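S.K.: fold the following and give me the result.
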Amino acid sequence: MPVYSYRCGTCGVQFDRKQKFTDQSLTRCPECGKKSLHKVYSPVGIVFKGSGFYATDHHSPSGQ
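M.R.: Got it, this is the predicted structure:
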């Protein structure tokens with residue numbers, strides 16, 4: 001189950017919540033009770049391992 005981060009636009013509280021993909025997004029802040037919650041999107045780290053990606057797609061031929 002994915003974990004979503006939320007932040008309240010009114011009081012600024014930030015928290016994480018484990019939810020199903022099919023669950024509705026939360027809208028009401030558990031701290032202040034206002035309907036001002038927004039999902040916080042964070043960048044994810046990507047690590048390419050193995051010989052395929054670098055060697056075949058982005059490796060410059062030697063001598064150039």
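
S.K.: all contacts plus neighbour counts: C-alpha atoms, from now on.
M.R.: Noted.

S.K.: return the list of strands paired to the strand or helix carrying residue 16, each annotated with direction.
M.R.: Residue 16 is located in strand 14-18, with elements delineated by DSSP states H and E. Strand pairing for strand 14-18, determined by DSSP bridges: strand 3-8 (antiparallel).

S.K.: distance between stretch 1-19 and the chain's centre?
M.R.: 11 Å (C-alpha atoms, centre = their mean, to the nearest Å).

S.K.: end to end, how far does it reach?
M.R.: For stretch 1-19, the separation between the terminal residues is 6 Å (C-alpha to C-alpha, to the nearest Å).

S.K.: now do it, average pLDDT.
M.R.: Per-residue pLDDT over stretch 1-19 has a mean of 96.

S.K.: and for residue 1, the neighbour number?
M.R.: Using other C-alpha atoms under 10 Å, the number of residues around residue 1 comes to 7.

S.K.: got it, and residue 37?
M.R.: When neighbours are defined as other C-alpha under 10 Å, residue 37 has 23 of them.

S.K.: one more: residue 14?
M.R.: Using other C-alpha under 10 Å: residue 14 sits among 16 other residues.

S.K.: do the one 5 residues further on as well
M.R.: With neighbours defined by other C-alpha under 10 Å, the count for residue 19 comes to 14.

S.K.: how close does it sit to residue 11?
M.R.: Taking C-alpha to C-alpha, one finds residue 19 at 23 Å from residue 11.

S.K.: with residue 1 instead?
M.R.: As for residue 1, its distance to residue 11 is 27 Å (criterion: C-alpha to C-alpha).

S.K.: can you check residue 47 too?
M.R.: Counting by C-alpha to C-alpha, the gap from residue 47 to residue 11 is 36 Å.
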